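**Q** What would the 3D arrangement of this be:
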Amino acid sequence: MGLDDRRDREPDVYQPAEDSALLARAACDRVGENELVLEVGTGSGFVAGRIADETDARVIASDVNPWAVRQARRTDVETVRADLVAPFRDGTFDAVVFNPPYLPTDPENEWDDWMERALSGGEDGRAVIDPFLETVDRVLAPDGVVYLLVSSLTGVDDVVGRAGEEGFSAVAIADESFPFETLTVLELLR
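**A** Numbering: from 1, shown residues only. Presented below is the predicted three-dimensional model:
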């Protein structure tokens, strides 16, 4: 599915944008042959679909939003409804890919719907990133890696520091600047 493909879109699902394309490119460049990959928060299924189409990896996608699961399944992405990595077995995935909700949002201006959940990272932009970093290690295979998209609005150094607290080293492997933010893909290794 291309960035501009509007068929079969669900209105309450995050659709691919520049952040999705950047994460997909970075992951496709690094995912190895025959790896098992989990994309957390798949939204439309764009990133998972690109990884599946452009590598020899098996990709499983997850999202807490039932409409996202439905849309991703329509693009032939193997998708389950899940909150972060909760239902997955320990030590399963060679790579975990995540484009989290990262926009800092004033609690007074949140509207509590599926699109808000896809975009809002809470007051500091890390309301979903921090719990993800606390739990992702459990589902990684021994040499597993995480590809995490982060915005300068969220504080890349803060996310790197938090990842370090959870036992990960972080390297920026891709970035793209826009007038209002810089997006960075971090590779997290244990």
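
**Q** can we go C-alpha only for contacts and neighbour counts from here?
**A** Will do.

**Q** The chain: strands as residue ranges?
**A** Secondary structure of the chain (DSSP state E): strands at 36-40, 58-63, 78-81, 93-98, 140-151, 169-177, 182-189.

**Q** So for D124, which of the ones you listed sits nearest?
**A** strand 140-151 (11.3 Å; CA to CA).

**Q** sorry, back to before: could you dump the strands of the chain into CSV and include mean neighbour count and mean pLDDT?
**A** Below are the strands of the chain laid out as CSV (neighbours: other CA atoms under 10 Å; pLDDT from 0 to 100):
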stretch, mean neighbour count, mean pLDDT
strand 36-40, 25, 97
strand 58-63, 24, 96
strand 78-81, 20, 96
strand 93-98, 25, 98
strand 140-151, 22, 97
strand 169-177, 15, 98
strand 182-189, 22, 97
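
**Q** P87: neighbouring residues, count only.
**A** For P87, the neighbour count with other CA atoms under 10 Å is 12.

**Q** for the residue most central in space within the chain, what are its contacts?
**A** Nearest to the mean C-alpha position of the chain, by CA atoms, centre = their mean, lies F98 at 1.7 Å. Shown in contact with F98 (CA atoms under 8 Å, 6 or more residues apart in numbering): E39, V40, G41, T42, V146, Y147, L148, L149.

**Q** and it, bridged to which residues?
**A** As for beta bridges, F98 partners with V40, L148 under DSSP bridges.

**Q** The longest helix belonging to the chain to strand 182-189, inter-axis angle?
**A** In the chain, assigned by DSSP state H, the helix with the most residues is helix 18-30. Put simply, helix 18-30 runs at 30 degrees to strand 182-189, going by axes from the mean of the first three to the mean of the last three CA atoms, to 10 degrees.
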